[in-house]
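Trainee: Pasting the sequence and the predicted model now:
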Amino acid sequence: MSKVIPGRHTHSYDGELVVFHIGMQINRWWRPDLWLPAFTAMPRMLKELSIDPDSGLLGFELLLGSGGPYVVQYWSSIDKLYAYASEPTAEHRPAWTRFNRAVRKAPGAVGIWHETFLVERAESIYVSTKPMGLPKATSHVPVARAHDRARARYEGGRTAASGVASDV
């Protein structure tokens with residue numbers, strides 16, 4: 001289990017940054033035949049991406065929302081995200097085909113959603129937490145005195161990162 005990192009930290013990252021949220025909404029819990037295959041497909045995709053250093057996946061966080069599980073993913077490029085999504089030999093395309101085929105049997109039983117954000121600027125703060133979020137996916141750095149306030153971290157550069165790294 002990860003240890004708590006005491007103190008105030010932020011992330012450091014230079015380059016394109018994409019945040020991708022993807023999840024499922026389980027509308028009929030009694031239909032595991034429809035939602036369980038989608039539920040079990042995501043860990044296979046994350047494993048496939050995690051072992052390929054060129055995939056573009058920087059990191060991810062697994063979460064549980066009000067409707068079901070979702071994942072926040074951090075990517076090094078929008079092109080790499082879309083390339084993975086459309087690659088016929090990767091885990092995603094066959095899983096997506098199976099999902100679409102299955103949900104035709106009971107429309108509305110399970111939903112899939114995603115949101116993609118190309119991040120121009122990002123501000124982050126982590127006070128006495130275990131490694132998580134942007135610092136876990138990029139670089140974990142102490143907050144410099146000049147960037148003690150959220151606005152200073154945000155205005156410090158293209159990502160919270162670029163302004164912090166030079167002041168640390």
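Mentor: All right, it came through fine.
Trainee: residue boundaries of the strands in the protein?
Mentor: Residue ranges of the strands in the chain, as given by DSSP state E, are 5-12, 17-26, 57-64, 69-75, 110-119, 126-129, 139-142.
Trainee: Of all the ones you listed, which one comes closest to residue 87?
Mentor: Residue 87 lies closest, by Cβ to Cβ, to one member of those: strand 57-64, at 13.0 Å. Placement of C-beta: from N, CA and C, glycine included.
Trainee: now that closest one against strand 17-26, angle please.
Mentor: Using axes from the mean of the first three to the mean of the last three Cα atoms, to 10 degrees, the inter-axis angle of strand 57-64 relative to strand 17-26 is 30 degrees.
Trainee: longest helix of the chain?
Mentor: helix 32-50 (DSSP state H).
Trainee: So which residues lie in contact with it, not counting its own?
Mentor: The contact list for helix 32-50, computed with Cβ atoms under 8 Å, 6 or more residues apart in numbering, reads 22, 24, 26, 28-29, 55-57, 60, 68-69, 71, 84, 90-92, 95, 98-99, 102-103, 105-106, 109-110, 112.
Trainee: Pull out the buried members of those.
Mentor: Buried members of the contacts of helix 32-50, counted by 16 or more other Cβ atoms under 10 Å: 22, 24, 26, 55-57, 60, 68-69, 71, 84, 90-92, 95, 99, 102-103, 109-110.
Trainee: Can you get me the start-to-end distance on stretch 41-60?
Mentor: 15 Å (Cα to Cα, to the nearest Å).
Trainee: Kindly report the same for stretch 48-64.
Mentor: 22 Å.
Trainee: how distant is that stretch from the center of its chain?
Mentor: Remark: stretch 48-64 is offset 8 Å from the chain centroid, using Cα atoms, centre = their mean, to the nearest Å.
Trainee: What residues of it count as buried?
Mentor: 49, 55, 56, 57, 58, 59, 60.
Trainee: Could you report the pLDDT at the second one?
Mentor: Spelled out, it's residue 55. Here, the pLDDT recorded for residue 55 equals 97.
Trainee: dump the residue contacts of the residue sitting nearest the centre point of the chain.
Mentor: Central residue of the chain (Cα atoms, centre = their mean): residue 73, 1.4 Å from the mean position. For residue 73, the contacting residues are 19, 20, 21, 22, 57, 59, 60, 81, by Cβ under 8 Å, 6+ apart.
Trainee: Check residue 67 too.
Mentor: Residues in contact with residue 67 (Cβ under 8 Å, 6+ apart) are 23, 24, 25, 26, 27, 111.
Trainee: Go through the residues you listed and say which is closest to residue 123.
Mentor: Closest to residue 123, out of all of those and judged by Cβ to Cβ, is residue 23, at 23.9 Å.
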